[in-house]
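**Student:** Prediction below, plus the sequence it came from.
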Amino acid sequence: MSTTNAQGLVSAGVIVTHNSERFLPALLASIANQTRALDQLIVIDDRSTDATTSILSEHGIMPTRASSAATDLSTRIAENFAQGVRKTPAGAVVILGDHDDVWRPGRVAHQMHAFEQAPLLAMLASDGEVNEQETLRTTFPIPADWSDMSKAKQFTYALRHSIATGGASAIRPVNLTDIEVPRGWLHDRWWSLAATAQGRMALDTEIVIDYRITPEQQVGLDSANQNAGRLAWLSGHARNAGVSAARGSEIMKLVIRARR
């Protein structure tokens, strides 16, 4: 791994695995082939029973056992990622990754550059290719004038639409006021709303991952509509974004922050 860059920002990748042997070799190879190496890679393993931990060991990675005992899938996924984020160095930029995606070679360099250019940035949501015709942004479209919108208008839009997918996102926890994820929320949904409420959410169309959705996925995605295919799952996830945001007391504190 590389040493701290000249700007002083440390990059830390966080991945959660669960019976990931089919996908890990390609993922780890893509991380190793970055044009800008990660300073640290943290893996949280959620009780894998296949060769996942052996593959990680072969790559010199000692995973941390997931501590979550949650039975609700969204809460469990969020707690696993939050556990990984807590293990990152203070002030680090955390590059989030699903266990079955492939990172484009320039991902770390691109996302780290964004945080270096905006020291107060809390979250960056980039794009990912689903297939040759579709990207995450075709399912999760973003307003062309996002950067010019007021904080309140950005937050209103984010409440009604899913604007970030964890596997293609990066956060800087030190800049994210509401870092603790309430039970029942997915980490990427909560963090994107929290960052937007602070006016510290950036969106771009840079494709940083090849996004894979399969029936075997166990971590990183809601299971709804998986068997209907990749695009059907993405569409269903986007349609449900508003419903998942309807959590009164949790949302209200973000609304108040967005209106300040």
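**Tutor:** Good, I have the coordinates. Numbers count the residues shown, from 1 in each chain.
**Student:** Pull up the gap between Pro173 and Thr196, please.
**Tutor:** From Pro173 across to Thr196, the span is 16 Å (Cβ to Cβ, to the nearest Å). For the C-beta atoms, the positions are set from N, CA and C on the backbone; glycine is no exception.
**Student:** Between the two, which is the more surrounded one?
**Tutor:** Thr196 (29 against 19; other Cβ atoms under 10 Å).
**Student:** Can you tell me the element that one falls in?
**Tutor:** helix 187-197 (DSSP states H and E).
**Student:** now what about that helix, what contacts it?
**Tutor:** The list of residues contacting helix 187-197 from outside it, by Cβ atoms under 8 Å, 6 or more residues apart in numbering, reads 77-78, 81-82, 96, 122-123, 125, 151, 154-155, 158-159, 162-166, 169, 171, 176-179, 181-182, 201, 241, 244-245, 251, 254-255, 257-258.
**Student:** What segments of the stretch 101-250 of the chain are strands?
**Tutor:** Under the criterion DSSP state E, counting those that start in this stretch, the stretch 101-250 of the chain carries strands at the ranges 102-103, 123-129, 169-171, 201-210.
**Student:** Counting neighbours, what do you get for the residue lying closest to Glu250 once chain neighbours are set aside?
**Tutor:** Excluding the flanking residues, the one nearest Glu250 by Cβ to Cβ, 6 or more residues apart in numbering is Pro182, at 4.9 Å. Pro182: 13 surrounding residues under other Cβ under 10 Å.
**Student:** Phi, psi for Pro182 please.
**Tutor:** Note on Pro182: its backbone torsions stand at phi -60, psi 150 [degrees, to the nearest 10].
**Student:** In this model Lys253 seems to touch it, though I could be wrong.
**Tutor:** No. Pro182 is beyond contact range of Lys253, at 10.1 Å (criterion: Cβ atoms under 8 Å).
**Student:** First residue to last residue on stretch 89-108, what's the distance there?
**Tutor:** End-to-end distance of stretch 89-108 (Cα to Cα, to the nearest Å): 17 Å.
**Student:** got the contact list for Val208?
**Tutor:** Contact analysis of Val208 by Cβ under 8 Å, 6+ apart lists 103-104, 106-107, 110-111, 126-128, 168.
**Student:** How about it: what's its closest non-neighbour residue?
**Tutor:** Arg107 (4.0 Å).
**Student:** Look up how far Leu193 lies from the one you found.
**Tutor:** Counting by Cβ to Cβ, the gap from Arg107 to Leu193 is 23 Å.
**Student:** How about Arg137?
**Tutor:** Arg137 is 19 Å from Leu193, by Cβ to Cβ.
**Student:** Compare those two and say which is more crowded by neighbours.
**Tutor:** Neighbour count, other Cβ under 10 Å: between Arg137 and Leu193, Leu193 has more, with 26 against 22.
**Student:** got a pLDDT number for that one?
**Tutor:** Here the pLDDT value assigned to Leu193 is 94.
**Student:** How about Leu24?
**Tutor:** We have a pLDDT of 96 for Leu24.
**Student:** Wait, it touches Thr53, no?
**Tutor:** No. Assessed by Cβ under 8 Å, Leu24 is found out of contact with Thr53, at 10.0 Å.
**Student:** the more surrounded of these two?
**Tutor:** Leu24 (25 against 20).
**Student:** For the more buried one, give me its contacts.
**Tutor:** By Cβ under 8 Å, 6+ apart, the neighbours of Leu24 are 17, 52, 55-56, 99.
**Student:** out of those, which are inside strands?
**Tutor:** Among the contacts of Leu24, the members found in strands (DSSP state E) are Thr17.
**Student:** Now render the contacts of Leu24 as CSV, adding distance to Asp45.
**Tutor:** Shown next, in CSV, are the contacts of Leu24 (distance: Cβ to Cβ, whole Å):
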residue, distance to Asp45
Thr17, 5
Thr52, 6
Ile55, 11
Leu56, 7
His99, 9
